[in-house]
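In: sequence and predicted model, in that order:
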Amino acid sequence: MKELTQLTTKERQKQARIFNEKVLPGIFTQLTNFNPKLAREIKAHSEWYPFKEVVPESQIHCGDASTGKTTKVMAAVINWASLRCLTLQRVLSFEIIGFASLLQEIRNTFKSGSEVTTQQVIDKYKNVPLLVLDDIGTCDVRDWSYSVLYMIIDYRWGHEKRTFYTSNYTLDQLAEMWGDDRLPRRIGDMCNGNIFEV
């Protein structure tokens, strides 16, 4: 695997073309399925996702609603995908899901006749190379959902899988709201200083 700085101009141009023609449309399809308005907003600002030579690490963006947290995280996702395409010459998958949607996806596995098990949902989000977990703390967390969420996040922390978070709450506020600081502390450890309060 070549480092980004070792690529010739011609190699960089070729990989940039592949990224723009094959990778970026897939990212925007996935983003449009998640949030069409956000997809349009990010597409309108192509200057937000040039090829940068810094690989974005796990991070959390905290702050009030409508302050651009998810937009910034998605710009980091696009940067991450562009670097993967340039240096590995292949695309690695990612998942983006809202916190409430993740809990609903887990709840749905409890329904009679569900074709998906709770473990399958856990494995899906544990193993994806990059996970974007949007709006942590937007809904009530019960014992079972806290445990499942902890399994996903703890696994990703232990296996050093990049995870980008957004929340309307700080990690301290999440700990207070949930009555337990284990998960917020794990998120803080995982982000290793990449905690942005907007």
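Out: In hand now; what should we look at?

In: which of the three states applies to the residue nearest to the spatial centre of the chain?
Out: Nearest residue to the geometric centre of the chain (Cα atoms, centre = their mean): residue 132, 1.6 Å. Three-state assignment for residue 132 (DSSP: H, G, I helix; E, B strand; the rest coil): strand.

In: who's in contact with the residue lying closest to it once chain neighbours are set aside?
Out: Spatial nearest neighbour of residue 132, excluding adjacent residues (Cβ to Cβ, 6 or more residues apart in numbering): residue 96 at 4.0 Å. In short, each C-beta sits where N, CA and C put it, glycine included. Residues in contact with residue 96 (Cβ atoms under 8 Å, 6 or more residues apart in numbering) are 30-31, 34, 74, 77, 131-132, 134.

In: in its sheet, what does the host helix or strand of residue 96 sit against?
Out: Element membership for residue 96 (DSSP states H and E) is strand 94-98. In the sheet, strand 94-98 lines up against strand 130-136 (parallel) (DSSP bridges).

In: buried residues in the next helix or strand after the strand it pairs with?
Out: Sequence order places helix 143-158 as the next helix or strand after strand 130-136, per DSSP H and E. Across helix 143-158, burial judged by 16 or more other Cβ atoms under 10 Å covers 145-146, 148-149, 151-153, 156-157.

In: can you tell me which one of the residues you listed sits lowest on pLDDT?
Out: Across those, the smallest pLDDT goes to residue 145, namely 78.

In: can you list the low-confidence ranges for the chain?
Out: Applying pLDDT under 70 to the chain flags the ranges 1-7, 12, 15-16, 18-19, 22-23, 31, 35, 38-39, 41-56, 82-92.

In: and the strands in it?
Out: When assigned using DSSP state E, the strands of the chain occupy the ranges 59-62, 94-98, 130-136, 162-167, 195-197.
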